[in-house]
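In: missing the sequence, but the structure's below:
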């Protein structure tokens, strides 16, 4: 599950993924301006 949320000019990217065979979740969160955050979103959601 991944989501990109916006409040004013700030963006929050949240990604949650299961670590297979471990019973764990990996959570990645990043917050920033659109021009800073969007390249990271593209890299992390490419996999």
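Out: Received it, and whenever you're ready, just let me know what you need. Just so it is clear, the model here is predicted, and its values are computed rather than measured. Residues are numbered from 1 along each chain as shown.
In: do a quick rundown of the helices in this structure.
Out: Counting by DSSP state H, the chain has these helices, from start to end: 34-44.
In: if I look at residue 28, how far off is residue 8?
Out: 22 Å (CB to CB, to the nearest Å). Every residue, glycine included, has its C-beta placed from N, CA and C.
In: out of those two, which sits in the busier spot?
Out: residue 28 (12 against 5; other CB atoms under 10 Å).
In: which ones are touching that one?
Out: For residue 28, the contacting residues are 13-15, 44, by CB atoms under 8 Å, 6 or more residues apart in numbering.
In: show the pLDDT at the residue of the chain most remote from its centre.
Out: Within the chain, residue 21 marks the point farthest from the mean C-alpha position, 22.2 Å out by CA atoms, centre = their mean. Per-residue pLDDT puts residue 21 at 92.
In: any idea how far it is from residue 11?
Out: Here residue 21 is placed at a distance of 32 Å from residue 11 (CB to CB).
In: just to revisit the earlier point, if you rank the contacts of residue 28 by neighbours, which is first?
Out: residue 13 (19 neighbours).
In: ok, that residue to residue 22 distance?
Out: 23 Å.
In: just residue 32 next, same as before
Out: On the measure of CB to CB, residue 32 and residue 22 end up 30 Å apart.
In: neighbour-wise, which of those two wins?
Out: Between residue 32 and residue 22, counted using other CB under 10 Å, the more crowded position is residue 32 (14 against 8).
In: contacts only, for the more buried one.
Out: With CB under 8 Å, 6+ apart, residue 32 has these contacts: 10-11.
In: any idea what it is bridged to?
Out: residue 11 (DSSP bridges).
In: ok, residue 28 next?
Out: residue 15.
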